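K.L.:
Please find the sequence and the predicted model below.
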Amino acid sequence: MVNRFITAQSTVETRRWGRPAIVTFAALAALAALTADAAARQARPAPPTEATAPRDAGEPIMAIVSIKTQQVTFYDSEGWMLRAPVSTGTKGRETPAGIFAVIEKDKDHHSTLYDDAWMPNMQRITWNGIALHGGPLPGYAASHGCVRMPYDFAENLFDKTRIGMRVIISPNDATPVEFSHPVLFVPNAAAVAAAPARAETLAREADEAAKAADEAKKAAATAARETASLTASLRKLEGLKTRADAELASADKTLAAAKTDEAKARAEEQKEKAALRATEAGTQLDTAKADAKSKLAAVAAAKDAAKAAQTRKVDTAKAASEAKLALEPVSVYISRATQKLYVRRNTHKQWPDGGEVFDATIEVPVTIRDPDKQIGTHVFTAMARNDAGLRWTAVTIDNGDDANNALDRITIPQDVLDRIAPTALPRSSIVVSDEPLSRETNYRTEFVAVLNNQPQGGFKMRRPTVVDVPVASGNDWGNNNGFGFFFQPNWNSQPGNPRPRAGQNYQPMQPRWW
């Protein structure tokens, strides 16, 4: 009854006011809706669009992907150079936030996991399938974990980047800011200028030492073979001497037992012949032993020479490797989780299965003040040379200390600084993080570290496989295999992460699952 009353009353009122009132109410309602819509649009940020800096751009040094705003920005030494919208991983297959670098490029890549899906101008950042590539952009996160960029943008970018370019994937917007701190590397201008000539000289010495070691090894092997035949000859002569001595002894007994003059004469003749054979056998044996002694001494000398040549080969190869690495930008990763410092440089040695090998021969403990206190995740990058040595920027993508306080808490071992700081170049970097190195880090990557307080669904479909991988051969630059690694299965040299999060600890190389 009440509802019917209200309805009837409303009908009467409508008839009493007439059509003009209806029009007025409708207009007011429409205006209110438009006002609310305009307010909502004003509150929402404008969607990202492609942009190019109004200047001549250089080579990209880093890319920063913002998951929040679905945008990627590329930076050269002077600042931002290119921007574009992106589409990152959808819910459940989120693109992992963290620190990466380009490790392989493929102009015309097709997925081996997702129905041969076309991923043009692919720039891989993990071996288990996370990459930047051209793809459709619906205006929101929609990939299986990769970072899709506009097709034309990805194509134009492809030839501008290089292996090792830093890729930072941030949960929120992040921007490099100019930065300075006493911990940051200050190169020595004279050392930098002398580095190419030094590398060339040491490489030549290493080649010469390698050839000398090979020749010494062959000489030692030849001498050893000759000694083996000499030993057999000596044994034969010793046998002849033994038999001759036995015949002489027998002749003596026969002579002593002879009773007649005729028997004594025959025995004397046999004794003389036996004595002559014994003397000849002894002379031959003594001569052979004297000859063998000199040859055995020569064999020992050849072995010692081969050993010394091999030692020089290793030492000169190590020095040449370090000198060559000094021509490359150096990357340092400092983990609060493991209390370790790691150094990597690209060797530019191609690996048969794809990618390039990164030297990882420095891995040392590091002192971090207040180790139980969060330090955040910060990326310090040398953008270019300046009067002080290098001009640095800082990017922070995880909460903790601010960048300055983070570096204040760290003491880098002086011997490490002495080895890498004098020849530090633009594009060098220092990453400080609460996180351990991710299991995606291996001999064909620079550093991979993921923020374990962020979703990592993009790793879901990319299962690891245990393989034999080369790992750092201790605190040592290079070794006989030329890569600075030895081989072992299940690379997991780090303890677990003290921050009990999603568990992305240092593990073996992941195969391509996409």
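P.N.:
In hand now; what should we look at? Just so we're clear, the structure is a prediction, and the values are computed from it rather than from any experiment.
K.L.:
Tell me which residues of stretch 304-324 come out buried.
P.N.:
The neighbour-count check on stretch 304-324 (16 or more other C-beta atoms under 10 Å) flags 305-306, 309-310, 312-314, 316-324 as buried. Heads up, the C-betas are built off the backbone N, CA and C, glycines and all.
K.L.:
count of neighbours near Val102?
P.N.:
22 (other C-beta atoms under 10 Å).
K.L.:
Specify the local secondary structure of the closest residue in space to His144 that isn't next to it in sequence.
P.N.:
Spatial nearest neighbour of His144, excluding adjacent residues (C-beta to C-beta, 6 or more residues apart in numbering): Arg93 at 4.9 Å. Under DSSP: H, G, I helix; E, B strand; the rest coil, Arg93 falls in the coil class.
K.L.:
distance of Arg93 from Ala142?
P.N.:
Going from Arg93 to Ala142 by C-beta to C-beta, to the nearest Å gives 10 Å.
K.L.:
Repeat that for Ser170.
P.N.:
Remark: distance between Ser170 and Ala142 (C-beta to C-beta) = 19 Å.
K.L.:
hang on, the earlier thing: could you check which of Arg93 and Ala142 is surrounded by more residues?
P.N.:
Arg93 (20 against 16).
K.L.:
Can you read off the pLDDT for that one?
P.N.:
The score at Arg93 is 91. That number is its pLDDT.
K.L.:
Thought Ala141 was touching it, still the case?
P.N.:
No: contact criterion C-beta atoms under 8 Å: Arg93 and Ala141 do not qualify, at 9.2 Å.
K.L.:
my guess is Met122 is in a helix, correct?
P.N.:
No: checked against three-state DSSP, Met122 lies outside a helix; its state is strand.
K.L.:
and it, what are its bridge partners?
P.N.:
Met122 has these beta-bridge partners by DSSP bridges: Asp106.
K.L.:
end to end, how far does stretch 425-442 reach?
P.N.:
23 Å (C-alpha to C-alpha, to the nearest Å).
K.L.:
next one: that stretch to chain centre, how far?
P.N.:
10 Å (C-alpha atoms, centre = their mean, to the nearest Å).
K.L.:
Tell me how far the residue nearest to His144 lies from Val167.
P.N.:
Taken as C-beta to C-beta, the span from Arg93 to Val167 is 18 Å.
K.L.:
again, but for Asp434
P.N.:
20 Å.
K.L.:
can you check Lys217 too?
P.N.:
Lys217 is 45 Å from Val167, by C-beta to C-beta.
K.L.:
And for Asn128?
P.N.:
15 Å.
K.L.:
Quick check on the two: which one has the bigger neighbour count.
P.N.:
Each of Asn128 and Val167 has its neighbours counted (other C-beta under 10 Å); Val167 has more, 26 against 23.
K.L.:
what's the pLDDT at the more buried one?
P.N.:
At Val167, the model reports a pLDDT of 98.
K.L.:
ok, now the one 5 residues further on?
P.N.:
Reported pLDDT at Asn172 in the predicted model: 95.
K.L.:
Quick check: it is in a strand.
P.N.:
No: under three-state DSSP, Asn172 falls outside any strand and is assigned coil.
K.L.:
Quick check: phi and psi on it?
P.N.:
Dihedral pair for Asn172: phi -120, psi -170, per degrees, to the nearest 10.
K.L.:
Just to check, it is in contact with Lys68?
P.N.:
Yes: judged on C-beta under 8 Å, Asn172 makes contact with Lys68 at a distance of 4.8 Å.
K.L.:
contacting residues around stretch 190-209?
P.N.:
Stretch 190-209 has contacts (C-beta atoms under 8 Å, 6 or more residues apart in numbering) with 309, 312-313, 315-317, 319-320, 323-324, 326-327, 422-423, 425.
K.L.:
Could you do stretch 302-316 as well?
P.N.:
202, 205-206, 208-210, 212-213, 215-217, 219-220, 223-224, 479-480.
K.L.:
which parts of the strand or helix carrying Asn404 are buried?
P.N.:
In the assignment (DSSP states H and E), Asn404 maps to helix 403-408. Residues Ala403, Ala406, Leu407 are the ones in helix 403-408 that count as buried (16+ other C-beta under 10 Å).
K.L.:
Return the residues in contact with the first one.
P.N.:
Right, Ala403. Phe179, His181, Gly376, His378, Phe380, Ala394, Thr396.
K.L.:
6 Å instead, please
P.N.:
His378, Ala394, Thr396 (C-beta atoms under 6 Å, 6 or more residues apart in numbering).
K.L.:
And the last one, how far from Thr311?
P.N.:
Distance, Thr396 to Thr311, using C-beta to C-beta: 47 Å.
K.L.:
Equivalent analysis for the second one, please.
P.N.:
When C-beta to C-beta is the yardstick, Ala394 and Thr311 sit 44 Å from each other.
K.L.:
go on, Leu137?
P.N.:
59 Å.
K.L.:
in a helix, that's where Gln374 is, yeah?
P.N.:
No: under three-state DSSP, Gln374 sits outside any helix and is assigned coil.
K.L.:
Can you report how many residues neighbour it?
P.N.:
Neighbour number of Gln374 under other C-beta under 10 Å is 14.
K.L.:
and the residue lying closest to it once chain neighbours are set aside, what does it touch?
P.N.:
Nearest residue to Gln374 in three dimensions, chain neighbours excluded: Gly400, at 4.0 Å (C-beta to C-beta, 6+ apart). By C-beta under 6 Å, 6+ apart, Gly400 lies in contact with Gln374, Ile375, Gly376.
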